[in-house]
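In: structure for this input, please:
(2 chains)
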Amino acid sequence: MLGGLARRATLLKNLQNQGGPVLAVDSGDLFFDQTTDQADVKKVLTKARLIAQAYKKMGIEAVNVGDRDLSQGVDFLKQEAAQGLPLISANLVDAVQRKPVFPSSVIREVSGVRIAFVGLLRSPLPPAIEKSLEGKTVVEDPLEAARKVVEGLKGKADLILLLSDLGWDQDIRIAKAVAGIQFILGGHEGRATTGPFQQGETFIVQSYQKGMYAGVLALPLEKTGSLFQDEGRINRIQEELDALDRRSRDLQGAKERNPHLDIKPAIKGIKQQKDKLQKELKEAQKTVAQGSRFRWTLEPISSSLAEDAEVGSLIEASGIKKD
Amino acid sequence: MKRADLLSGIKIMAKGIIPLVILLLGILFPLGYEGMAAPVTLTIIHTSNVNGHLFACPS
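Out: Take a look at the predicted model:
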(Lines give C-alpha, C1' and ligand atoms only; values in the text may rest on other atoms or scores of the structure.)
Protein backbone atom coordinates (compact mmCIF):
# COMPACT_ATOMS: atom_id res chain seq x y z
CA MET A 1 0.00 0.00 0.00
CA LEU A 2 1.33 3.41 -0.89
CA GLY A 3 0.03 5.09 2.23
CA GLY A 4 2.98 4.06 4.41
CA LEU A 5 5.17 6.84 3.07
CA ALA A 6 2.45 9.44 3.70
CA ARG A 7 1.83 7.99 7.17
CA ARG A 8 5.52 8.30 7.98
CA ALA A 9 5.25 11.99 7.07
CA THR A 10 2.31 12.25 9.49
CA LEU A 11 4.30 10.59 12.29
CA LEU A 12 7.09 13.09 11.71
CA LYS A 13 4.66 16.02 11.77
CA ASN A 14 3.02 14.68 14.95
CA LEU A 15 6.40 14.60 16.66
CA GLN A 16 7.25 18.08 15.37
CA ASN A 17 3.91 19.38 16.66
CA GLN A 18 4.89 18.36 20.19
CA GLY A 19 7.10 21.43 20.10
CA GLY A 20 10.59 20.05 20.72
CA PRO A 21 13.35 19.81 18.14
CA VAL A 22 13.05 16.85 15.76
CA LEU A 23 15.58 15.48 13.28
CA ALA A 24 14.64 12.72 10.84
CA VAL A 25 17.30 10.44 9.37
CA ASP A 26 17.53 7.25 7.31
CA SER A 27 20.20 4.53 7.41
CA GLY A 28 19.89 3.54 3.77
CA ASP A 29 18.58 0.79 1.48
CA LEU A 30 15.91 3.29 0.70
CA PHE A 31 15.38 3.29 -3.03
CA PHE A 32 15.65 -0.13 -4.64
CA ASP A 33 14.88 -3.78 -4.03
CA GLN A 34 17.78 -6.19 -3.73
CA THR A 35 17.19 -7.46 -7.23
CA THR A 36 15.73 -5.35 -9.98
CA ASP A 37 14.68 -6.83 -13.27
CA GLN A 38 16.16 -4.70 -16.05
CA ALA A 39 12.73 -4.59 -17.71
CA ASP A 40 11.41 -2.76 -14.67
CA VAL A 41 14.13 -0.12 -14.51
CA LYS A 42 11.82 2.71 -15.56
CA LYS A 43 9.26 1.71 -12.94
CA VAL A 44 11.79 1.38 -10.11
CA LEU A 45 13.41 4.69 -10.99
CA THR A 46 9.99 6.38 -10.92
CA LYS A 47 9.41 4.90 -7.49
CA ALA A 48 12.87 5.92 -6.30
CA ARG A 49 12.32 9.51 -7.49
CA LEU A 50 9.02 9.57 -5.64
CA ILE A 51 10.73 8.47 -2.42
CA ALA A 52 13.42 11.12 -2.87
CA GLN A 53 10.77 13.79 -3.49
CA ALA A 54 8.82 12.71 -0.42
CA TYR A 55 11.94 12.72 1.75
CA LYS A 56 12.83 16.22 0.59
CA LYS A 57 9.27 17.35 1.30
CA MET A 58 9.48 15.80 4.77
CA GLY A 59 12.75 17.61 5.46
CA ILE A 60 14.85 14.53 6.20
CA GLU A 61 18.20 15.72 7.57
CA ALA A 62 20.49 12.89 6.42
CA VAL A 63 20.15 9.79 4.25
CA ASN A 64 22.94 7.22 4.35
CA VAL A 65 23.74 5.37 1.12
CA GLY A 66 23.04 1.66 1.54
CA ASP A 67 24.43 -1.02 -0.76
CA ARG A 68 21.05 -1.60 -2.42
CA ASP A 69 20.80 2.10 -3.20
CA LEU A 70 23.68 1.53 -5.64
CA SER A 71 21.94 -1.15 -7.64
CA GLN A 72 21.16 1.36 -10.43
CA GLY A 73 24.63 2.91 -10.30
CA VAL A 74 25.62 6.12 -8.61
CA ASP A 75 24.27 8.61 -11.17
CA PHE A 76 20.70 8.50 -9.87
CA LEU A 77 21.95 9.30 -6.35
CA LYS A 78 24.16 12.12 -7.61
CA GLN A 79 21.17 13.67 -9.40
CA GLU A 80 19.07 13.49 -6.27
CA ALA A 81 21.88 14.94 -4.13
CA ALA A 82 22.21 17.81 -6.60
CA GLN A 83 18.49 18.46 -6.15
CA GLY A 84 18.80 18.74 -2.39
CA LEU A 85 18.53 15.21 -0.98
CA PRO A 86 21.07 15.14 1.90
CA LEU A 87 22.85 11.88 0.98
CA ILE A 88 25.92 11.01 3.04
CA SER A 89 28.59 8.30 2.93
CA ALA A 90 32.04 8.23 4.48
CA ASN A 91 33.29 5.21 2.53
CA LEU A 92 31.81 5.52 -0.95
CA VAL A 93 34.63 7.09 -2.92
CA ASP A 94 35.67 7.95 -6.42
CA ALA A 95 37.87 5.10 -7.74
CA VAL A 96 40.59 7.40 -9.09
CA GLN A 97 40.75 10.38 -6.75
CA ARG A 98 39.65 8.43 -3.66
CA LYS A 99 37.46 11.34 -2.60
CA PRO A 100 34.01 10.75 -1.07
CA VAL A 101 31.21 10.92 -3.65
CA PHE A 102 28.86 12.44 -1.05
CA PRO A 103 29.65 14.31 2.18
CA SER A 104 30.96 11.96 4.89
CA SER A 105 28.71 13.57 7.48
CA VAL A 106 26.25 16.34 8.17
CA ILE A 107 26.24 18.45 11.33
CA ARG A 108 23.08 19.95 12.79
CA GLU A 109 23.13 22.28 15.78
CA VAL A 110 20.29 22.02 18.29
CA SER A 111 20.26 24.18 21.44
CA GLY A 112 23.95 24.82 21.03
CA VAL A 113 24.79 21.12 20.73
CA ARG A 114 26.43 20.05 17.48
CA ILE A 115 25.15 16.68 16.31
CA ALA A 116 27.01 14.90 13.51
CA PHE A 117 25.42 12.15 11.43
CA VAL A 118 27.98 9.95 9.68
CA GLY A 119 27.16 7.44 6.93
CA LEU A 120 28.75 4.05 6.23
CA LEU A 121 27.93 1.10 3.99
CA ARG A 122 29.26 -2.43 3.95
CA SER A 123 32.21 -3.73 2.01
CA PRO A 124 32.63 -5.75 -0.15
CA LEU A 125 29.49 -5.12 -2.15
CA PRO A 126 27.48 -8.00 -3.62
CA PRO A 127 28.86 -8.72 -7.15
CA ALA A 128 25.71 -7.51 -8.96
CA ILE A 129 25.86 -4.14 -7.21
CA GLU A 130 29.63 -3.90 -7.67
CA LYS A 131 29.04 -4.36 -11.40
CA SER A 132 26.56 -1.48 -11.50
CA LEU A 133 29.31 0.90 -10.30
CA GLU A 134 31.36 0.09 -13.44
CA GLY A 135 34.64 0.46 -11.55
CA LYS A 136 34.20 4.23 -11.27
CA THR A 137 33.16 4.21 -7.63
CA VAL A 138 34.43 1.96 -4.87
CA VAL A 139 33.61 1.24 -1.24
CA GLU A 140 36.46 1.62 1.23
CA ASP A 141 36.90 -0.33 4.45
CA PRO A 142 34.19 0.97 6.80
CA LEU A 143 36.32 0.63 9.93
CA GLU A 144 39.13 2.77 8.52
CA ALA A 145 36.62 5.26 7.17
CA ALA A 146 34.92 5.44 10.59
CA ARG A 147 38.23 6.12 12.34
CA LYS A 148 39.09 8.82 9.84
CA VAL A 149 35.74 10.61 9.94
CA VAL A 150 35.44 10.50 13.76
CA GLU A 151 38.95 11.92 14.05
CA GLY A 152 38.02 14.66 11.60
CA LEU A 153 34.94 15.57 13.64
CA LYS A 154 36.92 16.25 16.82
CA GLY A 155 36.19 19.80 17.89
CA LYS A 156 33.46 20.13 15.27
CA ALA A 157 30.75 17.93 16.80
CA ASP A 158 29.55 17.28 20.36
CA LEU A 159 27.67 14.09 19.51
CA ILE A 160 28.28 11.57 16.74
CA LEU A 161 25.53 9.30 15.45
CA LEU A 162 26.44 6.72 12.83
CA LEU A 163 23.84 5.92 10.20
CA SER A 164 24.95 2.44 9.30
CA ASP A 165 24.09 0.05 6.51
CA LEU A 166 26.73 -2.37 7.75
CA GLY A 167 24.62 -4.90 9.61
CA TRP A 168 24.58 -5.80 13.29
CA ASP A 169 27.92 -7.63 13.57
CA GLN A 170 29.82 -4.89 11.76
CA ASP A 171 28.10 -2.26 13.90
CA ILE A 172 29.44 -3.99 17.01
CA ARG A 173 32.91 -4.17 15.43
CA ILE A 174 32.85 -0.42 14.75
CA ALA A 175 31.61 0.34 18.29
CA LYS A 176 34.44 -1.75 19.76
CA ALA A 177 37.15 -0.24 17.60
CA VAL A 178 36.17 3.42 17.27
CA ALA A 179 35.66 5.56 20.37
CA GLY A 180 33.54 8.67 20.22
CA ILE A 181 30.37 7.38 18.54
CA GLN A 182 27.42 7.73 20.94
CA PHE A 183 24.77 5.95 18.84
CA ILE A 184 24.71 3.62 15.85
CA LEU A 185 21.37 3.78 14.08
CA GLY A 186 21.72 0.63 12.05
CA GLY A 187 20.05 -1.01 9.11
CA HIS A 188 20.72 -3.42 6.28
CA GLU A 189 19.20 -6.47 8.00
CA GLY A 190 16.31 -4.54 9.49
CA ARG A 191 16.28 -6.17 12.90
CA ALA A 192 13.59 -5.42 15.43
CA THR A 193 15.60 -4.72 18.57
CA THR A 194 13.76 -4.87 21.88
CA GLY A 195 16.12 -2.26 23.23
CA PRO A 196 19.45 -0.62 22.56
CA PHE A 197 22.51 -2.86 22.74
CA GLN A 198 25.37 -1.24 24.61
CA GLN A 199 28.92 -1.79 23.43
CA GLY A 200 31.28 0.28 25.56
CA GLU A 201 29.91 3.80 25.44
CA THR A 202 28.05 3.24 22.17
CA PHE A 203 24.39 2.23 21.89
CA ILE A 204 23.34 0.24 18.82
CA VAL A 205 19.74 0.08 17.57
CA GLN A 206 17.86 -0.99 14.46
CA SER A 207 14.36 -0.03 13.36
CA TYR A 208 13.05 -3.22 11.77
CA GLN A 209 12.41 -3.34 8.04
CA LYS A 210 10.32 -2.40 5.02
CA GLY A 211 9.41 0.92 6.53
CA MET A 212 6.94 -0.68 8.90
CA TYR A 213 8.32 1.04 11.97
CA ALA A 214 10.24 4.16 12.80
CA GLY A 215 12.73 4.25 15.64
CA VAL A 216 12.30 7.23 17.91
CA LEU A 217 15.26 8.34 20.01
CA ALA A 218 14.50 10.91 22.71
CA LEU A 219 17.84 12.42 23.60
CA PRO A 220 18.39 14.90 26.44
CA LEU A 221 20.83 17.61 25.49
CA GLU A 222 21.35 19.14 28.91
CA LYS A 223 24.40 17.16 29.93
CA THR A 224 26.58 16.86 26.89
CA GLY A 225 29.86 15.28 27.78
CA SER A 226 28.30 12.94 30.33
CA LEU A 227 27.57 9.35 29.37
CA PHE A 228 24.17 8.40 28.03
CA GLN A 229 22.08 5.84 29.86
CA ASP A 230 19.19 3.82 28.50
CA GLU A 231 16.07 4.75 30.43
CA GLY A 232 14.24 1.64 29.21
CA ARG A 233 16.83 -0.83 30.52
CA ILE A 234 15.34 -0.97 34.03
CA ASN A 235 11.87 -1.72 32.63
CA ARG A 236 13.19 -4.45 30.35
CA ILE A 237 15.05 -6.17 33.20
CA GLN A 238 11.93 -5.92 35.37
CA GLU A 239 9.84 -7.47 32.58
CA GLU A 240 12.31 -10.37 32.37
CA LEU A 241 12.09 -10.85 36.14
CA ASP A 242 8.28 -10.85 35.97
CA ALA A 243 8.40 -13.46 33.19
CA LEU A 244 10.65 -15.68 35.33
CA ASP A 245 8.22 -15.32 38.27
CA ARG A 246 5.34 -16.38 36.01
CA ARG A 247 7.36 -19.37 34.79
CA SER A 248 8.12 -20.33 38.39
CA ARG A 249 4.44 -20.15 39.37
CA ASP A 250 3.49 -22.27 36.35
CA LEU A 251 5.99 -24.92 37.41
CA GLN A 252 4.65 -24.90 40.99
CA GLY A 253 1.13 -25.34 39.60
CA ALA A 254 2.25 -28.26 37.46
CA LYS A 255 3.89 -29.83 40.51
CA GLU A 256 0.65 -29.57 42.49
CA ARG A 257 -1.22 -31.32 39.72
CA ASN A 258 1.47 -33.95 39.32
CA PRO A 259 3.43 -34.53 42.58
CA HIS A 260 5.90 -36.89 40.85
CA LEU A 261 7.11 -34.12 38.60
CA ASP A 262 10.70 -33.06 39.34
CA ILE A 263 10.79 -29.29 39.00
CA LYS A 264 13.89 -28.73 41.15
CA PRO A 265 16.40 -28.32 38.25
CA ALA A 266 14.11 -25.87 36.44
CA ILE A 267 13.46 -23.87 39.63
CA LYS A 268 17.19 -23.79 40.32
CA GLY A 269 17.83 -22.47 36.79
CA ILE A 270 15.17 -19.78 37.24
CA LYS A 271 16.69 -18.72 40.56
CA GLN A 272 20.13 -18.40 38.97
CA GLN A 273 18.71 -16.28 36.17
CA LYS A 274 16.81 -14.13 38.67
CA ASP A 275 19.92 -13.58 40.79
CA LYS A 276 21.82 -12.45 37.71
CA LEU A 277 19.02 -10.12 36.65
CA GLN A 278 18.66 -8.69 40.17
CA LYS A 279 22.36 -7.75 40.07
CA GLU A 280 21.89 -6.18 36.62
CA LEU A 281 18.85 -4.29 37.91
CA LYS A 282 20.78 -2.82 40.84
CA GLU A 283 23.62 -1.84 38.55
CA ALA A 284 21.19 -0.29 36.04
CA GLN A 285 19.37 1.66 38.76
CA LYS A 286 22.72 3.08 39.86
CA THR A 287 24.11 3.94 36.42
CA VAL A 288 20.87 5.18 34.87
CA ALA A 289 20.50 7.70 37.70
CA GLN A 290 23.96 9.09 36.98
CA GLY A 291 23.89 9.72 33.24
CA SER A 292 21.81 11.52 30.65
CA ARG A 293 18.81 9.29 30.25
CA PHE A 294 17.66 8.65 26.69
CA ARG A 295 14.65 6.69 25.50
CA TRP A 296 14.37 4.47 22.42
CA THR A 297 11.04 3.24 21.08
CA LEU A 298 9.80 1.63 17.89
CA GLU A 299 6.72 3.40 16.53
CA PRO A 300 4.53 1.45 14.10
CA ILE A 301 3.67 3.23 10.86
CA SER A 302 0.19 1.85 11.34
CA SER A 303 -3.01 2.40 9.42
CA SER A 304 -4.33 4.38 12.39
CA LEU A 305 -2.05 7.24 11.27
CA ALA A 306 -3.68 9.56 8.77
CA GLU A 307 -1.97 9.97 5.40
CA ASP A 308 -0.18 13.27 4.98
CA ALA A 309 -1.90 15.27 2.24
CA GLU A 310 1.28 16.73 0.70
CA VAL A 311 3.08 13.40 0.38
CA GLY A 312 -0.23 11.81 -0.64
CA SER A 313 -0.51 14.17 -3.60
CA LEU A 314 3.08 13.38 -4.64
CA ILE A 315 2.19 9.69 -4.67
CA GLU A 316 -0.98 10.44 -6.61
CA ALA A 317 0.96 12.49 -9.18
CA SER A 318 3.58 9.75 -9.64
CA GLY A 319 0.94 7.36 -10.94
CA ILE A 320 2.32 4.52 -8.82
CA LYS A 321 -0.45 2.45 -7.34
CA LYS A 322 1.26 -0.60 -5.89
CA ASP A 323 4.66 -2.12 -5.19
CA MET B 1 18.67 51.36 73.67
CA LYS B 2 15.33 52.32 72.29
CA ARG B 3 13.14 49.73 70.65
CA ALA B 4 13.16 51.74 67.36
CA ASP B 5 16.97 51.81 67.33
CA LEU B 6 17.08 48.05 67.87
CA LEU B 7 14.71 47.39 64.95
CA SER B 8 16.70 49.77 62.77
CA GLY B 9 19.92 47.88 63.64
CA ILE B 10 18.33 44.54 62.73
CA LYS B 11 17.14 45.99 59.40
CA ILE B 12 20.62 47.23 58.54
CA MET B 13 22.11 43.83 59.39
CA ALA B 14 19.48 42.04 57.32
CA LYS B 15 20.33 44.28 54.34
CA GLY B 16 23.92 43.15 54.63
CA ILE B 17 23.11 39.45 55.14
CA ILE B 18 20.75 39.04 52.19
CA PRO B 19 23.36 39.89 49.49
CA LEU B 20 25.85 37.72 51.38
CA VAL B 21 23.45 34.74 51.27
CA ILE B 22 22.87 35.29 47.52
CA LEU B 23 26.63 35.46 46.97
CA LEU B 24 27.18 32.24 48.93
CA LEU B 25 24.45 30.41 46.98
CA GLY B 26 26.06 31.59 43.76
CA ILE B 27 29.40 30.16 44.84
CA LEU B 28 27.94 26.88 46.11
CA PHE B 29 25.63 26.31 43.11
CA PRO B 30 27.42 27.83 40.13
CA LEU B 31 24.92 26.44 37.57
CA GLY B 32 22.18 28.55 39.11
CA TYR B 33 19.26 29.06 36.75
CA GLU B 34 20.81 27.09 33.91
CA GLY B 35 21.05 23.98 36.12
CA MET B 36 17.40 24.24 37.00
CA ALA B 37 16.18 24.91 33.48
CA ALA B 38 14.07 22.25 31.80
CA PRO B 39 16.31 20.04 29.64
CA VAL B 40 15.91 20.20 25.90
CA THR B 41 15.00 16.81 24.48
CA LEU B 42 15.93 16.20 20.89
CA THR B 43 13.81 13.64 19.07
CA ILE B 44 15.55 11.70 16.33
CA ILE B 45 13.28 9.69 14.09
CA HIS B 46 15.06 6.86 12.31
CA THR B 47 14.15 4.55 9.46
CA SER B 48 16.03 1.97 7.41
CA ASN B 49 15.42 -0.73 4.82
CA VAL B 50 12.44 1.15 3.56
CA ASN B 51 12.64 -0.48 0.14
CA GLY B 52 11.10 -3.81 -0.81
CA HIS B 53 7.52 -3.61 0.33
CA LEU B 54 8.20 0.04 0.78
CA PHE B 55 4.85 1.23 1.81
CA ALA B 56 3.74 -1.69 3.97
CA CYS B 57 2.07 -1.26 7.33
CA PRO B 58 2.54 -3.53 10.36
CA SER B 59 -0.08 -6.23 10.28
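In: ok, the closest residue to A:Ala6 other than its chain neighbours to chain B distance?
Out: Distances taken as Cβ to Cβ, 6 or more residues apart in numbering or on different chains put A:Glu307 closest to A:Ala6, at 3.7 Å, once the chain neighbours are dropped. Every C-beta, even on glycine, is put in place using the N, C-alpha and C of the backbone. From A:Glu307 over to chain B the distance is 10 Å, taken as Cβ to the nearest Cβ, to the nearest Å.
In: quick check: phi and psi on A:Glu307?
Out: phi -80, psi 130 (degrees, to the nearest 10).
In: got the buried residues for stretch A:109-118?
Out: A:Val110, A:Val113, A:Arg114, A:Ile115, A:Ala116, A:Phe117, A:Val118 (16 or more other Cβ atoms under 10 Å in any protein chain shown).
In: is any residue of it near chain B?
Out: Yes. Stretch A:109-118 reaches chain B (Cβ under 8 Å from any Cβ of the partner chain) through A:Val110, A:Ser111, A:Val113, A:Ile115.
In: okay, now the unreliable bits of chain A?
Out: Residues of chain A meeting the criterion pLDDT under 70: A:1-3, A:34-39, A:223-226, A:321-323.
In: list the buried ones in the longest helix anywhere in it?
Out: Assignment by DSSP state H gives helix A:264-290 as the longest helix of chain A. Going by neighbour count (16+ other Cβ under 10 Å), the buried part of helix A:264-290 is A:Ala266, A:Ile270, A:Lys274, A:Leu277, A:Glu280, A:Leu281, A:Ala284, A:Val288.
In: check which helices and strands it is in contact with.
Out: Packed against helix A:264-290, as judged by 3 or more Cβ pairs under 8 Å, 6 or more residues apart in numbering or on different chains; DSSP states H and E, are the following elements: strand A:228-230, helix A:233-257.
In: how far away is the residue in chain B positioned nearest to chain A from A:Ala6?
Out: For chain B, the nearest residue to chain A under the criterion Cβ to the nearest Cβ is B:Ser48, separated by 2.8 Å. Applying Cβ to Cβ, to the nearest Å, the value for B:Ser48 to A:Ala6 is 19 Å.
In: before we move on, what about A:Glu134?
Out: A:Glu134 is 35 Å from A:Ala6, by Cβ to Cβ.
In: the more surrounded of those two?
Out: Using other Cβ atoms under 10 Å in any protein chain shown as the criterion, A:Glu134 and A:Ala6 rank with A:Ala6 on top: 25 against 10.
In: I'd guess that one is in a strand, am I close?
Out: No. Applying DSSP: H, G, I helix; E, B strand; the rest coil, one finds A:Ala6 to be helix, outside a strand.
In: surely A:Ser318 touches A:Ala48?
Out: No. A:Ser318 lies out of contact with A:Ala48 (Cβ atoms under 8 Å); the separation is 10.6 Å.
In: what about those two, which has more around it?
Out: A:Ala48 (22 against 16).
In: how about that one, phi and psi?
Out: phi -60, psi -40.
In: any idea whether A:Leu85 is helix, strand or coil?
Out: A:Leu85 ends up coil, using three-state DSSP.
In: residue ranges with poor pLDDT in chain B?
Out: Using pLDDT under 70, the flagged stretches of chain B are B:1-2, B:19, B:22-23, B:25-38, B:51-59.
In: in the stretch 151-300 of chain A, what residue comes closest to chain B?
Out: A:Gly187 (2.8 Å).
In: if we ignore the residues flanking it in sequence, what's nearest that residue?
Out: B:Ser48 (2.8 Å).
In: so what's that neighbour up against?
Out: A:26-29, A:66, A:165, A:185-188, A:190, A:206-207, A:209 (Cβ atoms under 8 Å, 6 or more residues apart in numbering or on different chains).
In: what lies in contact with stretch A:6-13?
Out: For stretch A:6-13, using Cβ under 8 Å, 6+ apart, the contacting residues are A:22, A:24, A:54, A:57-59, A:211, A:214, A:299, A:301-303, A:305-312, A:315, B:45, B:47, B:57.
In: out of those residues, which are buried?
Out: By 16+ other Cβ under 10 Å, these give A:22, A:24, A:54, A:58, A:211, A:214, A:299, A:301, A:305, A:307-308, A:311-312, A:315, B:45, B:47, B:57 as buried.
In: just the ones of these in helices?
Out: A:Ala54, A:Met58, A:Val311, A:Gly312, A:Ile315.
In: list just the nearest of those residues to chain B.
Out: A:Ile315 (8.4 Å).
In: so the closest residue in space to A:Asp69 that isn't next to it in sequence is in which element?
Out: Closest residue to A:Asp69 apart from its sequence neighbours, by Cβ to Cβ, 6+ apart: A:Phe31 at 5.1 Å. A:Phe31 is part of no helix or strand when elements are defined by DSSP states H and E.
In: so what's A:Phe31 up against?
Out: A:Phe31 touches A:Val44, A:Lys47, A:Ala48, A:Ile51, A:Ala52, A:Arg68, A:Asp69, A:Gln72, A:Phe76, B:Asn51, counting by Cβ under 8 Å, 6+ apart.
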